[in-house]
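Enquirer: Predicted model, plus sequence, below.
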Amino acid sequence: MTTYDVVVIGAGPVGENLADRVVQGGLSAAVVERELVGGECSYWACMPTKALLRSGAALRTARQVPGAREAVTGELDVAAVLRRRDSFASDWQDDGQVSWLESAGIPLHRGHGRISAERVVEVTGADGTTTTLTARHAVVVATGSGALVPDIEGLRDAAPWTSRETVAAKEVPGRLAVIGGGVVASEMATAFSELGSSVTMLARDGVLHLAEPFAGERVAESLRDKGVSVRIGAEAGSVKRNADGTVSLTLTDGEQIEADELLVAIGRTPNIQDIGLEAVGLKPGAWLTVDGTMRVEGVEGGWLYAAGDVNRRVLLTHQGKYQARAAGDVIVARAKGEAIDDGEWGRHAATADERAVPQVVFTEPEIASVGLTAAAAEAAGLRIRVVDYDLAATAGSQLQAEGYQGHARMVVDEDRKVVVGFTLAGPDVAEMLHAATIAVVGEVPLDRLWHAVPAFPTVSEVWLRLLEAYGR
Ligand SMILES: Cc1cc2nc3c(=O)[nH]c(=O)nc-3n(C[C@H](O)[C@H](O)[C@H](O)COP(=O)(O)OP(=O)(O)OC[C@H]3O[C@@H](n4cnc5c(N)ncnc54)[C@H](O)[C@@H]3O)c2cc1C
Ligand SMILES: NC(=O)c1ccc[n+]([C@@H]2O[C@H](COP(=O)([O-])OP(=O)(O)OC[C@H]3O[C@@H](n4cnc5c(N)ncnc54)[C@H](O)[C@@H]3O)[C@@H](O)[C@H]2O)c1
């Protein structure tokens, strides 16, 4: 039996950060990891996907600038792109992150973690041996999520690719079919079409349908320009893996599609199988529901927390790490009997999860957004005004690239005169997002925003243009 103040199950970005916060707060914490320290984000998600996408984006940028364009005469070097991806996935070795854990004073227990009783976690190693860990104060579930595979006839037997196999692909398939129209589907259709696949995308509900409509429309248009067959409204009815290894899809309208590989990207499911939820009276199979301080609801004694993807608040690394900071701090505060600051925007609450989630989708164009879309703001009952501006009309964008195309939308809460949502579509707009995040989180009054002068000649001048369009 080994005892720590806090035991964290799952050493993805969220579990690592949470344990670190607890140790920084003066308590002891250990992490349990059954696969690679660093989790999905480091090896099969954020980092390798962005590595797959970056070379194509850099090439496009160079081709849009006379002078640079002439210097770029070849095509993408696919092998070099895959090698760069491998290095960003640390060749699927976690030594670097294990060293970091050691330097941060966080013991690692390798194996599958399962809650066996109140504040007790059993770790089963690859060799079948079991270690029992006891937590004096809290157990945290930070086990993340896995790809959801829907009940489509023949799909499971056809062994489709999920994001994992796609992101780690050793070769680029000649024909790639994609089920889904969300973030993974859009990014991977962009990457693989640029790497040479002939891609068919079955976007049942549209492309990026939860974003501002102009975002999905622009991404769909650029995918079509790359030769992707974007099929909005199309749905797979059945799937078959053929003897020659190819895949046949039959759509619900009877149409046949042939592909060499099939990616299923229709969302996520929580990693909560066999983690002992029933031992503490929770229903197995469901996402974990937490209160404002990430404490799992319905558990007597308040010792169980859940942070990151597994609580379904926001399935993004940066928001999960933000939850980890709040939860780590609140666990320490409760252990020390200190005051809890869990009101709106308090130290122990992850308020931004509800009001100001930034996200960048690394497609062409990049889609960078924070806060509410116009539709979501209206659905929330806000009285809003939407202000749009063409990014290509700024001097900065004209300098940046020939034929620059982009768009910005600001959603203003008319009752409070603050920005509640902001979306940008355009090349390299990712790096412009944080200004919008600060405006939304800070609830900066529009009158004051007039004093935040964007430098000339940058694309950020769109802020001034949006304010001018809104009127003073
Ligand atoms: C293709 C793709 C691209 C993405 N790109 C981005 C992006 O660009 N930016 C962004 O912000 N987000 C991105 N995301 C989302 C991001 O990957 C997740 O939000 C993030 O990884 C969640 O972190 P986590 O620590 O909660 O879970 P995970 O990263 O899933 O880590 C959980 C860890 O827990 C371990 N584990 C699970 N069960 C047990 C158990 N019982 N015992 C022991 N260990 C266990 C797992 O092995 C894993 O290491 C992407 C997701 C996908 C699928
Ligand atoms: N750049 C980033 O920030 C980034 C990149 C990739 C993934 N992620 C995160 O990872 C998570 C998972 O991404 P995802 O793309 O799998 O999910 P998603 O929720 O973004 O998109 C799922 C898509 O599948 C469609 N869909 C759902 N059920 C379907 C069905 N039965 N048949 C056909 N289509 C169906 C939905 O309409 C939606 O378009 C997301 O929450 C996302 O935030 C983030």
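Expert: Received, thanks. Numbers count the residues shown, from 1 in each chain. Ligands and ions are numbered 1, 2, ... in the order given.

Enquirer: How about the residues of the stretch 1-150 of the chain by ligand 2?
Expert: Proximity of the stretch 1-150 of the chain to ligand 2 (CB under 6 Å from any ligand atom) is limited to residues Pro150. Placement of C-beta: from N, CA and C, glycine included.

Enquirer: can you tell me the residue of the stretch 1-150 of the chain closest to ligand 2?
Expert: Of all residues in the stretch 1-150 of the chain, Pro150 sits closest to ligand 2, at 4.1 Å by CB to the nearest ligand atom.

Enquirer: Assess the claim that that residue and Ile266 are in contact.
Expert: Yes: counting by CB atoms under 8 Å, Pro150 touches Ile266, with 5.9 Å between them.

Enquirer: any common contacting residues for those two?
Expert: Shared contacts of Pro150 and Ile266 (CB atoms under 8 Å, 6 or more residues apart in numbering): Ile179.

Enquirer: More neighbours: which of these two?
Expert: A count of neighbours by other CB atoms under 10 Å puts Ile266 above the other of Pro150 and Ile266, at 20 against 12.

Enquirer: and that one, what helix or strand is that in?
Expert: Using DSSP states H and E, Ile266 falls within no helix or strand.

Enquirer: okay, now Gln93: neighbour count?
Expert: Residues within reach of Gln93, counting by other CB under 10 Å, total 12.

Enquirer: ugh, wrong one, I meant Trp345
Expert: Count around Trp345 with other CB under 10 Å applied: 12.

Enquirer: For it, grab phi and psi.
Expert: Here is the backbone geometry of Trp345 (degrees, to the nearest 10): phi 60, psi 20.

Enquirer: measure the spatially closest residue to it that is not a sequence neighbour to Arg60 for me?
Expert: Leaving aside its chain neighbours, Trp345 sits nearest to Thr351 (4.9 Å; criterion: CB to CB, 6 or more residues apart in numbering). Thr351 sits 37 Å away from Arg60, going by CB to CB, to the nearest Å.

Enquirer: In the stretch 51-200 of the chain, which residue sits closest to ligand 1?
Expert: Minimum separation of the stretch 51-200 of the chain from ligand 1 (CB to the nearest ligand atom) falls at Gly144, amounting to 2.0 Å.

Enquirer: buried ones in stretch 61-78?
Expert: Under the neighbour-count criterion of 16 or more other CB atoms under 10 Å, stretch 61-78 has Gln64 buried.

Enquirer: Return the alpha-carbon coordinates of it using PDB.
Expert: Output of stretch 61-78 as PDB, limited to C-alpha atoms (Å, rounded to 0.1, in the frame of the first residue of the first chain):
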ATOM      1  CA  THR A  61       1.800  31.000 -47.800                       C
ATOM      2  CA  ALA A  62       5.000  31.100 -49.800                       C
ATOM      3  CA  ARG A  63       3.100  30.600 -53.000                       C
ATOM      4  CA  GLN A  64       0.900  33.600 -52.300                       C
ATOM      5  CA  VAL A  65       3.800  36.000 -52.000                       C
ATOM      6  CA  PRO A  66       5.500  37.100 -55.200                       C
ATOM      7  CA  GLY A  67       9.300  36.800 -54.900                       C
ATOM      8  CA  ALA A  68       8.900  33.900 -52.500                       C
ATOM      9  CA  ARG A  69       6.600  32.100 -55.000                       C
ATOM     10  CA  GLU A  70       9.400  31.900 -57.600                       C
ATOM     11  CA  ALA A  71      11.700  30.200 -55.100                       C
ATOM     12  CA  VAL A  72       9.200  27.400 -54.400                       C
ATOM     13  CA  THR A  73       9.200  25.200 -57.400                       C
ATOM     14  CA  GLY A  74       8.500  21.700 -56.000                       C
ATOM     15  CA  GLU A  75       5.700  19.900 -54.300                       C
ATOM     16  CA  LEU A  76       5.300  18.800 -50.700                       C
ATOM     17  CA  ASP A  77       7.900  16.200 -49.700                       C
ATOM     18  CA  VAL A  78       5.500  13.700 -48.200                       C
END
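
Enquirer: now what about it, what contacts it?
Expert: Identification of contacts with stretch 61-78 by CB under 8 Å, 6+ apart yields 55-56, 59, 172, 194-196, 400-404, 427-428.

Enquirer: 6 Å instead, please
Expert: 55, 172, 195, 401-402 (CB atoms under 6 Å, 6 or more residues apart in numbering).

Enquirer: Put the buried members of those residues into a PyMOL selection.
Expert: Buried subset of the contacts of stretch 61-78, written as a PyMOL selection, criterion 16+ other CB under 10 Å:
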select buried, resi 55+172+195+401
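
Enquirer: Rebuild the contacts of stretch 61-78 as JSON lines, extending it with secondary structure and pLDDT.
Expert: What follows is these, written out as JSON lines (DSSP: H, G, I helix; E, B strand; the rest coil; pLDDT from 0 to 100):
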{"residue": "Ser55", "secondary structure": "helix", "pLDDT": "98"}
{"residue": "Val172", "secondary structure": "coil", "pLDDT": "98"}
{"residue": "Leu195", "secondary structure": "coil", "pLDDT": "98"}
{"residue": "Ala401", "secondary structure": "coil", "pLDDT": "95"}
{"residue": "Glu402", "secondary structure": "coil", "pLDDT": "94"}
